[in-house]
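S.K.: Fold the following for me, if possible:
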Amino acid sequence: MRILYIDVDSLRPDHLGCYGYHRETSPNIDEIAADGRRFTNVYASDAPCLPSRTAFYTGRFGIHTGVINHGGLNADPRRHGPARGERYPRRFRTLATILGEQGLDTAMISPFPARHDAWQVVEGFDELYDTGGNGSERADEVYPYAHDWLNEHAAEDDWYLHANFWDPHTEYTTPLEYGHPFADDPAPDWPTEDVIECHYQGTGAQSAQDLCSWGDKRDAPRMPPDVASREDFETMVDGYDVGVHYMDHHVGKLFDLLRDAGVFEDTLVVVSADHGENLGELNVYGDHQTADEPTCNVPLIVRGPGIEPGVDDEFRYQLDLPPTLVDLIGGDVPEGWDGRSFTGSVTGGETDDRSGRERLVLSQGTWTCQRAVRWDDWLLIKTYHDAFKSDLEDLMLFDLAHDPHETTNLADEHPDVVRDGLSTLQQWVDDRLLEAARGERGGNPGAENAVTDPMWQVLRGKGPYYTWDALEDYAEHLRRTGRDEHATALLERHG
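M.R.: Numbering: from 1, shown residues only. Now for the predicted structure:
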């Protein structure tokens, strides 16, 4: 089998045409979605980049690998301890390793492993091509690597190519000569001027006033220095959407290469993302800092031989995809993976009740420290570290069917729902740590701190990576910009 996995950093589903977006941002991806299977409720179990891709390629939750941060102890997987032999036990092998054991040649085109020293992500790959921009490269800089690889290998049997695009990631570096494809298309209606005005008085990195980290100003043609008005927001969301369109244009060129080689119909094409992107939700503009819907919900489109077209609305983790791919090539899924194959859905159009998840638990430990529970129309978020954000409360409950942008916290109005969600969260943590203690599922009893919740390790250490050593300088920045009350409250909470 030939598999082309297109991994688009910071791509939220609702900015793709095939997911109902009013702008034509993704004609090439929409085309394969029309002939393939589109999944609406797939979530990164652990966000953002390093935790997400670690979970995907190891098939294991961050609570089992220990990777939930971008720095410190919890940016590396737990060591396997005295039980480690010359090679890791098969139950801890990565997706690429398993694909290789099944006879597939594997290649990755991405700067990500070097950007985050993510050795666990590249384990098992035969070839790795670093596109050299540390995540700032445009699609026209990524495409030549994929072009050359496919020109040489597309017609061969049994390969897996991971191609990583970054164009929807800030700072939206699509060349200015590409123009503005959406000049005549209105921007999304939300956030309104009133919401932006409120957000502008709030705090946190990538909040409306502090759009660049802890108070710096961006100097990027397709991004405003801050979001003080609807006009600023429209500039920003246009930059994001043009980035999606530019990426899609080059993805279409990859499809053309497969057609030219005569293998497009015989290639399994998968389009997904490491995480989504907040575009104003919870006062985060153009970043992925929370365990909420915009950050954790990712697109998933699968198209190719044997795939039943249609839509799947079941709740699924993104780490359920690796065992599905292994199933599709006739391999055996390692018993140590947390993922649950949904092969029955992609091949037969039938949802296997055992493959769907009734509830999902989502994690963030890199900007904020949060865990969330997603079920029915509800999203419950528990915040352990707020990353100096005034808009985050300790407990937040949102009805996503009526409030998709998470504007109204219903926790006080629905105490029974909150208790239900907190009970789910506690049971999930207990079950995962018990698996670690017993060596079941993704658990690894031989590793040091194997039954320690990594969330507590992050909190006991220096905290989420991007808040390290930022408190005092940011409090002073808040005072300089007329937000003294926030500076005082911030120091009281964290000082």
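
S.K.: Would you state the strands of the stretch 101-250 of the chain in chain order?
M.R.: Secondary structure of the stretch 101-250 of the chain (DSSP state E, counting those that start in this stretch): strands at 105-109, 127-129, 159-165.

S.K.: so which of these gets nearest His494?
M.R.: strand 159-165 (34.8 Å; CB to CB). In short, each C-beta sits where N, CA and C put it, glycine included.

S.K.: Note down every partner strand of that closest one and its orientation.
M.R.: strand 2-8 (parallel), strand 105-109 (parallel) (DSSP bridges).

S.K.: Ok, which of those strands comes nearest Gly344?
M.R.: That would be strand 2-8 among the strands paired with strand 159-165, by CB to CB, at 18.8 Å.

S.K.: Determine the longest helix present in the protein.
M.R.: Using DSSP state H to define each element, the chain has its longest helix at helix 230-260.

S.K.: May I see the strands of the stretch 101-250 of the chain arranged in TSV, with distance to Leu360, mean pLDDT and mean neighbour count as well?
M.R.: Converted to TSV, these look like this (distance: least, CB to CB, whole Å; pLDDT from 0 to 100; neighbours: other CB atoms under 10 Å):
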stretch	distance to Leu360	mean pLDDT	mean neighbour count
strand 105-109	27	98	21
strand 127-129	31	98	16
strand 159-165	24	98	25
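
S.K.: which stretch among these comes nearest Gly421?
M.R.: strand 159-165 (33.9 Å).

S.K.: what does the closest one rub up against?
M.R.: Strand 159-165 is contacted from outside by 2-9, 96, 99, 104-112, 125, 131, 139, 142, 145-146, 149-150, 153, 247, 250-251, 254, using CB atoms under 8 Å, 6 or more residues apart in numbering.

S.K.: May I have it as CSV, with CA atoms only?
M.R.: The C-alpha coordinates for strand 159-165 follow below in CSV (Å, rounded to 0.1, in the frame of the first residue of the first chain):
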residue,chain,number,x,y,z
TRP,A,159,5.6,3.3,1.0
TYR,A,160,4.6,5.9,3.6
LEU,A,161,5.4,9.5,3.2
HIS,A,162,4.8,12.1,5.9
ALA,A,163,4.7,15.6,4.4
ASN,A,164,4.5,18.5,6.9
PHE,A,165,3.2,22.0,5.9
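
S.K.: how big is the angle separating it from helix 230-260?
M.R.: In terms of direction (axes from the mean of the first three to the mean of the last three CA atoms, to 10 degrees), strand 159-165 departs from helix 230-260 by 160 degrees.

S.K.: about what we covered before: so which elements touch the longest helix of the chain?
M.R.: strand 2-8, helix 27-35, helix 139-153, strand 159-165, helix 193-200, strand 267-272, strand 278-279, strand 285-287 (3 or more CB pairs under 8 Å, 6 or more residues apart in numbering; DSSP states H and E).

S.K.: so which of the strands paired with strand 159-165 gets nearest Ala273?
M.R.: Per CB to CB, nearest to Ala273 of those: strand 2-8, 5.0 Å.

S.K.: can you give me the angle that closest one makes with helix 139-153?
M.R.: Going by the same axes, to 10 degrees, strand 2-8 makes 170 degrees with helix 139-153.

S.K.: Can I get strand 2-8 as PDB, trimmed to CA atoms?
M.R.: Extracted in PDB, the C-alpha atoms of strand 2-8 (Å, rounded to 0.1, in the frame of the first residue of the first chain):
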ATOM      1  CA  ARG A   2       1.100   3.600  -0.700                       C
ATOM      2  CA  ILE A   3       0.200   6.100   2.000                       C
ATOM      3  CA  LEU A   4       0.600   9.900   1.800                       C
ATOM      4  CA  TYR A   5       0.100  11.500   5.100                       C
ATOM      5  CA  ILE A   6      -0.300  15.300   4.900                       C
ATOM      6  CA  ASP A   7       0.300  16.900   8.300                       C
ATOM      7  CA  VAL A   8      -0.700  20.600   8.400                       C
END
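
S.K.: Name the residues that touch it?
M.R.: 53, 99, 104, 110, 154, 156-168, 244, 247, 251, 254, 258, 263, 266-274, 325.

S.K.: what's the average pLDDT for the longest helix of the chain?
M.R.: Across helix 230-260, the average pLDDT comes to 98.

S.K.: Now do the buried residues in that helix.
M.R.: 232-251, 253-255, 257-258 (16 or more other CB atoms under 10 Å).

S.K.: What of stretch 328-348?
M.R.: 328-329, 331, 333-334, 336-347.

S.K.: which residues in the stretch 251-400 of the chain form strands?
M.R.: Going by DSSP E, counting those that start in this stretch, the stretch 251-400 of the chain shows strands at 267-272, 278-279, 285-287, 297-303, 310-312, 316-317, 360-364, 369-375, 378-385, 395-399.

S.K.: Save the ones you listed as a markdown table, and put in distance to Gln209 and mean pLDDT too.
M.R.: Shown next, in a markdown table, are the strands of the stretch 251-400 of the chain (distance: least, CB to CB, whole Å; pLDDT from 0 to 100):
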| stretch | distance to Gln209 | mean pLDDT |
| --- | --- | --- |
| strand 267-272 | 33 | 98 |
| strand 278-279 | 15 | 98 |
| strand 285-287 | 10 | 97 |
| strand 297-303 | 26 | 98 |
| strand 310-312 | 39 | 96 |
| strand 316-317 | 35 | 98 |
| strand 360-364 | 22 | 98 |
| strand 369-375 | 22 | 98 |
| strand 378-385 | 21 | 98 |
| strand 395-399 | 21 | 98 |
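
S.K.: got a markdown table for those strands, with mean neighbour count too?
M.R.: Below are the strands of the stretch 251-400 of the chain laid out as a markdown table (neighbours: other CB atoms under 10 Å):
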| stretch | mean neighbour count |
| --- | --- |
| strand 267-272 | 23 |
| strand 278-279 | 24 |
| strand 285-287 | 26 |
| strand 297-303 | 25 |
| strand 310-312 | 15 |
| strand 316-317 | 24 |
| strand 360-364 | 26 |
| strand 369-375 | 23 |
| strand 378-385 | 22 |
| strand 395-399 | 20 |
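
S.K.: who wins for proximity to Ala183 among the ones you listed?
M.R.: strand 278-279 (18.8 Å).

S.K.: Right, I'll call it a day here.
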